[in-house]
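S.K.: this one's structure only:
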């Protein structure tokens, strides 16, 4: 992993040193605020855009700007400080572009676990929902046929 001298933040595993002097449980409260502010604002503008303005273009531009600020904040600030993610592009002497990604191993493992849990839940709901629907339809049809058969006998 390469360390760029222009970046002042510590690398992964290095700590700030004043760990015991913190008063808050939130390690970076300002970063956490802006991490939530931009995406929450974009959702609120989306939901309430008809109240603020009837012009579609103004609402769309505002939402795109808020989401762009959210992307920049996650890539450059909160992703790095809160969970230890960094990436950048380097161009070597041959002119080839190489993307460099850094992350803490626990973050990658947790992301993989959560993605597999989402996939498992989706597949389970997809297959289970069809099976339950099919069973309900068969049970309903069977009950209707039984009722018809019982009516015709007497």
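M.R.: In hand now; what should we look at? The model shown is predicted, which means the values in this text are computed figures rather than measured ones. Numbers count the residues shown, from 1 in each chain.

S.K.: distance between the lengthiest helix in the chain and the chain's centre?
M.R.: Using DSSP state H, we find that the single longest helix of the chain is helix 105-152. Relative to its chain's centre, helix 105-152 lies at 25 Å (C-alpha atoms, centre = their mean, to the nearest Å).

S.K.: do stretch 68-84 as well
M.R.: 13 Å.

S.K.: who's in contact with that stretch?
M.R.: 9, 12, 27-28, 31-32, 34-35, 38-39, 42, 85-87, 102-104, 107 (C-beta atoms under 8 Å, 6 or more residues apart in numbering). Backbone N, C-alpha and C define where each C-beta goes, glycine included.

S.K.: which ones among the residues you listed map onto helices?
M.R.: Those of the contacts of stretch 68-84 lying in helices (DSSP H): 31, 32, 34, 35, 38, 39, 42, 107.

S.K.: distance of the residue nearest to the third one when sequence neighbours are not counted from residue 117?
M.R.: Excluding its sequence neighbours, the residue lying closest to residue 34 (C-beta to C-beta, 6 or more residues apart in numbering) is residue 73, at 5.4 Å. For residue 73, the distance to residue 117 under the criterion C-beta to C-beta, to the nearest Å works out to 26 Å.

S.K.: comparing those two, which residue is more hemmed in?
M.R.: residue 73 (18 against 10; other C-beta atoms under 10 Å).

S.K.: please give the element, helix or strand, for that one.
M.R.: In this structure, residue 73 sits in helix 56-73 according to DSSP states H and E.

S.K.: after that helix, next one along is what?
M.R.: helix 79-83.

S.K.: tell me the buried residues in that next one?
M.R.: 79, 80, 81, 82 (16 or more other C-beta atoms under 10 Å).

S.K.: stretch 99-106 now?
M.R.: So, applying 16+ other C-beta under 10 Å, buried residues of stretch 99-106: residue 103.

S.K.: what's near enough to touch residue 46?
M.R.: Per C-beta under 8 Å, 6+ apart, neighbours of residue 46: 59, 63.

S.K.: one more time with 6 Å
M.R.: Residues in contact with residue 46 (C-beta atoms under 6 Å, 6 or more residues apart in numbering) are residue 63.

S.K.: what of the one 3 residues further on?
M.R.: Residue 49 makes contact with residue 59, according to C-beta under 6 Å, 6+ apart.

S.K.: distance of it from residue 31?
M.R.: Residue 49 is 28 Å from residue 31, by C-beta to C-beta.
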